Every structure is written in C-alpha cells, then in structure tokens.
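Enquirer: heads up, no residue letters with this:
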C-alpha cells in the first residue's frame, strides 16, 4: 500500500470521525416568556381580599367613628392684635388653642393603609352606617343629615380618597405623599365649602353665617389637616409593610 493510499484513508477516516455538528440557536423565545411572566406577576401584586382585609376595612371605619368625637387641644403661636394697638400683652396672648377633630387625617389614613379600593370601601361603610343605621356623625345621623351644613365634608371623603389612592399608587416617597395629601385635603375642603354654600343659598342664609362657617371649618384647621394627614400617611406606609406579611 503506497503513501497516497494511506493518506487517502487517513483523510477519509478523519472526515468520518469528525462529522459537522449543526449550530444550536440560543433559546430566545424561552427568555421572552420568562420575562413576561415576571412582569405580569409584579403587575398584579396587591392586597387579596380575605377575612384579614375585611377586618381592617371595618377597623378603619370604626376609627372614623372614634375620630368624629375626638377633640385634640392644639396650641399654636399667633401675633395678637392688641400688640399693634399699644396695649399690654402677656405670653399667653401669643398662644392660641383650638379644638381639632382629626377626622380628615383618619379618613385619608384608611386609603393610605388599604389602598384606593378597600380604603374607599371603609369610607362608604362609615357613611352608610351614619345615614341608615347608627348616629355616628358629629350631630347625629339618619337621612335627614344630608341637609346638614357639614355633610359636604363627610361626603367629600370618598372622592378625596380616590384621588389620594390614585397618587399613592405610584409610590410612597415623601414628595409623592405630600402631593397626594395636598390634593386630598384640598378636595375635601372645596367640596365641603361648595356644599355648605349651596345649602345656605337654598335656605336664604346670610353671608355672615357662611363666612363664619368657612372660617370655623376651613380656616386654620386646614393647615393642621395637611400636617397631620402627611404624618399619618407616612405611618400608613410602614404599617402596610408590616401587615402585608400577614395578609
């Protein structure tokens, strides 16, 4: 057997022993499916309605009832007018104490804790209880309470909660909480003033009554509504983290 035959056999053997392997394509489709599953799972993450969520809804409605009859003595600094009239003033003249009812911060807390859907459900439960079952409002209850001058503020809890919950749905950063509280509190006072003014016009009430009512319900109290609502929503942020381990 000559050298050429040997070389030919070796070449043929090597070609048979090392067949060409087809290149495998990367599993692009599988990776896309995995990414889609992760996104959908994150998108639908939230509170599942169960016995625990129902108890929290009832609890927040009960907190609204308690806050209706809770008065806090809040003292703040003022500049007395007697100072400009040349009269003698003391230290007590620079301090002013108001009776503050924390119902608006508690209503917004329910939404901050439970979210827009279940927080609004808690507010609806409170309103329905006052109109049809128990006198849980400040001046009583029943369907006739709709004609009360202050009912506009209570009715405004629902749209304010929806607005606040929609803003907080993005995140609970300090800036976003301030934005949500600003629009939530402002909505309550605007609707309350419009409702009260409409009733006063219907009953032919004088302008002095309207201005005094606005001053008592939406005067300096609106500042405390902003402050306490902001603080209690921040508290709701961390309460959500704790409760979500058990819901």
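Expert: Received it, and whenever you're ready, just let me know what you need. Remember, it's a predicted structure, so these values are computed and weren't measured experimentally. Numbers count the residues shown, from 1 in each chain.
Enquirer: helices and strands of the protein: which one has the lowest mean pLDDT?
Expert: helix 28-43 (a mean of 44; mean pLDDT, DSSP states H and E).
Enquirer: what mean pLDDT does the helix or strand following that one have?
Expert: Downstream of helix 28-43, the next assigned helix or strand under DSSP states H and E is helix 51-68. If you average the pLDDT over helix 51-68, you get 93.
Enquirer: dump the residue contacts of the residue nearest the centre of the chain.
Expert: For the chain, the residue nearest the mean C-alpha position is residue 112 (3.3 Å; C-alpha atoms, centre = their mean). By C-beta atoms under 8 Å, 6 or more residues apart in numbering, the residues touching residue 112 are 119, 164, 168, 232-233, 236-237, 240. Every residue, glycine included, has its C-beta placed from N, CA and C.
Enquirer: quick check on it: phi, psi?
Expert: Main-chain torsions, residue 112, degrees, to the nearest 10: phi -60, psi -30.
Enquirer: that older thread, which of the contacts of residue 112 scores worst on pLDDT?
Expert: Out of those, that is residue 240, at 88.
Enquirer: what number of residues lie near that residue?
Expert: 16 (other C-beta atoms under 10 Å).
Enquirer: next structured bit after the helix or strand harbouring residue 114?
Expert: In the assignment (DSSP H and E), residue 114 maps to helix 103-132. Next along the chain after helix 103-132, taking DSSP H and E as the criterion, comes helix 151-155.
Enquirer: and that following helix, what does it pack onto?
Expert: helix 103-132, helix 174-202 (3 or more C-beta pairs under 8 Å, 6 or more residues apart in numbering; DSSP states H and E).
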